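> Got a sequence here, can you model it:
(chains A and B)
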Amino acid sequence: MEVLRPFLYWTMWMSKRHTVTLHHVITVFNDMFDHMDGVMSALAKQKTQWKEDLFFAVKLAWQKLSKYYAEVTPTTGMLLISAHILNPLRKLRSFRKQAKGMDINPEDEISYTTQSKEAWLKYVENEYCTKH
Amino acid sequence: MASASCQLSFDLYHLSSDDEEYLTATNVAETTPGGSDHAAHSLTAASLYLNSPPEAPKNWGQINPNLNVYHSDPVEISSKFWIPDITDWRQQQLETHSKYADLLNVACDIFSIIPHGVGVESRLSIGRDVIGWRQSKTTGVTLHEKVVVRQFARAIEGILAGEETESDTTNTEKDSEMKNEAEERKLHTMAKVHDFLEMWQVSQNLCATQKESRAQNKQMTAVGYIADTEEIVNASWSLFQHDGAAAFKLSERSSLPPALSAKDLIGGRTQILNVRQIHRINCHPVDSDEDSAPESISDTEDWLNWNGDLDSPNHTEDDCMADVESDTEQGNHIEDLECPEQRDLCAAPNVPRLIRPTPKSKRQAEKLFVTVDAIDTRRNKGGKKK
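You can find the predicted model right below:
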């Protein structure tokens, strides 16, 4: 139950909102990944059978979620990236944090932060600058 | 424009058939100087927005949802802290004519999309299958009902699943035939079940009727009718006495009709008839040829059911009369003791394990016929005297 509680929490949190929630999707994704990383690190050295099974299940869930999260790219998940950038609380902070976690310079062209920034500027230019 | 200038440099007479310059002119006409300024402002605002640090939530009440408070109720959190949202911040920027006000259109277009309408989120939920990503005002109750209806339709193999049937244009006649066969199979099974239910209902009614009739039978038994069990329990073997040899004599007598007196006989025809019947029974294949087996099963059944010959519809009284007349014509009268019919008077059916009459009983039968002959002789003499 403790492992699954965040899933319930975020599902309820997202479904009960009466305001805009699209800009929280990537935040929730990251929080879920952090939670599963913490659970797996806690269960990694456990030898009890049910704990090993739980570790295996959480690992599979992590792989499943990462499969969907990998599709949030400038080509396939531009809506989520734009919504996240338009959140004045976050902007590019989450992407920079992710790049630092992967030992990548956020200002580097390869980094996810730079790719998202350029993709969003191009999106604004194509969708709003050329039509007006 | 560079390409156009190149074309002018090489095409002195403007005879080029390329329509590129016309297309370029048209495109230029769409963008007004004011529009280009607006586009430039939007792009500038976007760049400034990205280069500025994130806003502090204290300015407009927005909080960070990543609180790690999974044990608390998310609905309560919503009621206490989550009333203001980023739309308030956008409203402030618009009212203060901020440098980010040009991004208001972008924010309105993107934030009007519900989360489950986005491609990645739709993988995790069935929301996008139910409603489009532009239908953001659908209530939760309506969404729930639509999901239930859609899932039910999918569960019963595509009925009411409008999108699937419309998109599935590759349905062939073979598929429709297979569906029809499947439906027929289902109907057949349902019909079987229906028949079974009917049979079960009939059996239930029959049981109820039998119970009612059983109660009535008990009442009738109390009045004096034969009961099913009580009479059987009272019966015992002590009622059957062992008579020894007399029992066989009784059986010998009971196997034949009661002997008639000579006064009742008209020429002894009835007695001759009985004798002929016994003669037929005595013609058992075992007696005639003990080594040979019966020719057929029907033959064996005939001599086993020998009493049935008396009541045989095929052997009518007319046939018997004809037999008697033929016997009379042939001179085989009842007085002739040497005829085979009279010798077989005491013959019993040759049934295995059945005790045959003793020679004593044969002698008694012969005495009986001798007595009959004597009476007939006296009657004839008396008649002549009269």
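
> Helix or strand with the lowest mean pLDDT in chain A?
Every helix and strand in chain A was compared by mean pLDDT, DSSP states H and E; the lowest is helix A:93-101, with a mean of 76.

> The helix or strand just after that helix vs chain B: in contact?
The C-terminal neighbour of helix A:93-101 among helices and strands, as given by DSSP states H and E, is helix A:112-124. Yes: taking CB under 8 Å from any CB of the partner chain as the criterion, helix A:112-124 and chain B are in contact, through A:117, A:120-121, A:124. No exception for glycine: its C-beta is placed from N, CA and C like everyone else's.

> Please see if the least confident helix or strand of chain A touches chain B.
Yes: using CB under 8 Å from any CB, helix A:93-101 comes into contact with chain B via A:Arg93.

> what's around A:Leu4, how many residues?
A:Leu4 has 11 neighbouring residues, counting by other CB atoms under 10 Å in any protein chain shown.

> Just want the phi and psi numbers for it.
A:Leu4 has phi and psi values of phi -90, psi -10 when expressed as degrees, to the nearest 10.

> ok, now A:Arg90?
phi -110, psi -60.

> Could you pull up the contacting residues of it?
Taking CB atoms under 8 Å, 6 or more residues apart in numbering or on different chains as the criterion, A:Arg90 is in contact with A:23, A:27, A:84, B:54.

> Just the ones of those residues in helices?
Cross-referencing the contacts of A:Arg90 against helices under DSSP state H gives A:27, A:84.

> Can I get the residues of helix A:112-124 next to chain B in JSON lines including neighbour count and pLDDT?
What follows is the residues of helix A:112-124 next to chain B, written out as JSON lines (neighbours: other CB atoms under 10 Å in any protein chain shown; pLDDT from 0 to 100):
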{"residue": "A:Lys117", "neighbour count": "23", "pLDDT": "85"}
{"residue": "A:Trp120", "neighbour count": "22", "pLDDT": "85"}
{"residue": "A:Leu121", "neighbour count": "16", "pLDDT": "87"}
{"residue": "A:Val124", "neighbour count": "23", "pLDDT": "85"}
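
> Those into CSV, with extra columns for distance to B:His188?
Output for those, formatted as CSV (distance: CB to CB, whole Å):
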residue, distance to B:His188
A:Lys117, 66
A:Trp120, 62
A:Leu121, 66
A:Val124, 64
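
> what's the closest of those residues to A:Asp108?
Distance to A:Asp108 across those (CB to CB) is lowest for A:Lys117, with 11.8 Å.

> Counting neighbours, what do you get for the closest residue to chain B within chain A?
In chain A, the residue that lies nearest chain B is A:Cys129 (3.2 Å; CB to the nearest CB). Each residue near A:Cys129 was counted by other CB under 10 Å, and the total is 19.

> I figured it was touching B:Ser42, is that so?
Yes: at 5.7 Å, A:Cys129 and B:Ser42 qualify as touching, with contact defined as CB atoms under 8 Å.

> Where does pLDDT dip in chain A?
Counting by pLDDT under 70, the ranges of chain A that qualify are A:1, A:17-18, A:130-132.

> Does the longest helix along it reach chain B?
For chain A, the longest helix by residue count, based on DSSP H, is helix A:49-69. Yes: residues of helix A:49-69 are located near chain B by CB under 8 Å from any CB, namely A:68-69.

> Tell me the helices and strands packed up against that helix.
Helix A:49-69 sits against helix A:25-43, helix B:119-124, with contacts defined as 3 or more CB pairs under 8 Å, 6 or more residues apart in numbering or on different chains; DSSP states H and E.

> These: which one's closest to B:Leu50?
With distances scored as CB to CB, the stretch of the helices and strands packed on helix A:49-69 nearest to B:Leu50 is helix A:25-43 (15.9 Å).

> hmm, who's touching that closest one?
By CB under 8 Å, 6+ apart, the surrounding residues in contact with helix A:25-43 are A:3, A:6-7, A:10, A:14, A:51-52, A:54-55, A:58-59, A:61-62, A:65-66, A:69, A:72, A:80-81, A:83-84, A:90, A:94, A:98, B:65-66, B:115, B:118, B:120-121.

> quick revisit: quick one: the residue of chain A closest to chain B and B:Ala46, what's the gap?
Spatial separation of A:Cys129 from B:Ala46 under the definition CB to CB, to the nearest Å is 9 Å.

> Give the intersection of the neighbour lists for the two.
Common contact partners of A:Cys129 and B:Ala46 (CB under 8 Å, 6+ apart): none.

> For B:Leu103, give me its contacts.
With contact taken as CB under 8 Å, 6+ apart, B:Leu103 is in contact with A:86, A:124, B:42, B:45-46, B:49.

> how about 7 Å then?
Residues in contact with B:Leu103 (CB atoms under 7 Å, 6 or more residues apart in numbering or on different chains) are B:42, B:45-46, B:49.

> still on that earlier bit, same list, the helices and strands packed on helix A:49-69, but as a markdown table with distance to B:Leu94 and mean neighbour count please.
Written out in a markdown table, the entries for those read as follows (distance: least, CB to CB, whole Å; neighbours: other CB atoms under 10 Å in any protein chain shown):
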| stretch | distance to B:Leu94 | mean neighbour count |
| --- | --- | --- |
| helix A:25-43 | 25 | 17 |
| helix B:119-124 | 29 | 17 |
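
> What are the buried residues along stretch A:103-113?
A:104, A:106, A:111-113 (16 or more other CB atoms under 10 Å in any protein chain shown).

> Can you tell me which of the residues you listed lies closest to B:Ala208?
Closest to B:Ala208, out of all of these and judged by CB to CB, is A:Tyr112, at 79.7 Å.

> Pull the contacting residues for that closest one.
Contacts for A:Tyr112 were tallied using CB under 7 Å, 6+ apart; they are A:95, A:98-99.

> Now the buried members of the residues you listed.
A:95, A:98-99.

> Can you lay out those residues as a markdown table showing distance to B:Val106?
Rendered in a markdown table, the data for these read as follows (distance: CB to CB, whole Å):
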| residue | distance to B:Val106 |
| --- | --- |
| A:Phe95 | 18 |
| A:Gln98 | 23 |
| A:Ala99 | 24 |
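
> Which helix or strand contains B:Gln93?
Counting by DSSP H and E, the element that carries B:Gln93 is helix B:86-95.

> list the helices and strands that helix packs on?
If contacts are counted by 3 or more CB pairs under 7 Å, 6 or more residues apart in numbering or on different chains; DSSP states H and E, helix B:86-95 sits against helix B:104-111.

> now with 10 Å?
Other elements packing on helix B:86-95 under the criterion 3 or more CB pairs under 10 Å, 6 or more residues apart in numbering or on different chains; DSSP states H and E are helix A:78-86, helix B:104-111.

> so can I have CSV of these showing distance to B:Lys192?
Rendered in CSV, the data for the helices and strands packed on helix B:86-95 read as follows (distance: least, CB to CB, whole Å):
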stretch, distance to B:Lys192
helix A:78-86, 55
helix B:104-111, 59
